[in-house]
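**Q** predicted coordinates and the sequence they were generated for:
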Amino acid sequence: MNVSHLPLRVAIGAFVLNSGVSKWNLEGEAAAGMHGMAAGAIPPVRRVPPEHFARLLAGTELALGAALLLPVVPSALAGLGLLGFGGGLMRLYWSTPGLHEPGSPRPTQQGVPIAKDSWLVGAGLTLLLDDLFGRAAGKRRGLGRQIARRCGKRRG
């Protein structure tokens, strides 16, 4: 893991982990409300009982939060998970009537709490791309050093 990813991973990982912990025991109206909103955006969710959906969502958040907090998980993998999770929230935002202005990406007052989760998509892309391109750049630098060493040995 790149040390520069640590602040981003810790901040988001702790937030997502806490969110999963708070959802773990949801039941009744709270689970039904969350389930209803998700089912409106993603119709196959209707087949999953509300309490089961809440537990699956909580488990996903717990796993993602832990992956972000554990430095042994590569940033590209943690970023991919964050990108998928944030993408799901953005689908919810775009598919739920009343969360954004008609014909516009601008959120309504009701949509702001979900629209703000777009930062998860940006953070996921940052971790993924920086890790992938950073590794590629490191390999190029390593190759350059190898070539320079070989060329230097021939001259000497």
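**A** Noted; the coordinates are in hand.

**Q** least confident secondary structure element in the protein?
**A** Lowest on mean pLDDT, DSSP states H and E among the helices and strands of the chain sits helix 118-155, with a mean of 73.

**Q** the residue sitting nearest the centre point of the chain sits in which helix or strand?
**A** By CA atoms, centre = their mean, the mean C-alpha position of the chain lies nearest to Leu82, the distance being 1.3 Å. Assigned by DSSP states H and E, Leu82 belongs to helix 75-95.

**Q** give me the helices and strands touching the helix or strand following that helix, please.
**A** Next along the chain after helix 75-95, taking DSSP H and E as the criterion, comes helix 112-115. Contacting helix 112-115 under the criterion 3 or more CB pairs under 8 Å, 6 or more residues apart in numbering; DSSP states H and E are the following elements: helix 75-95. (Glycine included, C-beta is placed from N, CA and C.)

**Q** could you pull up the mean pLDDT of stretch 55-64?
**A** Confidence over stretch 55-64 (mean pLDDT, whole number) is 97.

**Q** which residues sit against that stretch?
**A** 13, 16-17, 19-21, 23-24, 26, 34, 38, 48, 78, 81-82, 85 (CB atoms under 8 Å, 6 or more residues apart in numbering).

**Q** restricted to strands, list the residues you listed.
**A** Using DSSP state E, no member of those falls in strands.

**Q** which of those count as buried?
**A** Applying 16 or more other CB atoms under 10 Å to these, the neighbour count classes 13, 16-17, 19-20, 23, 26, 34, 38, 48, 78, 81-82, 85 as buried.
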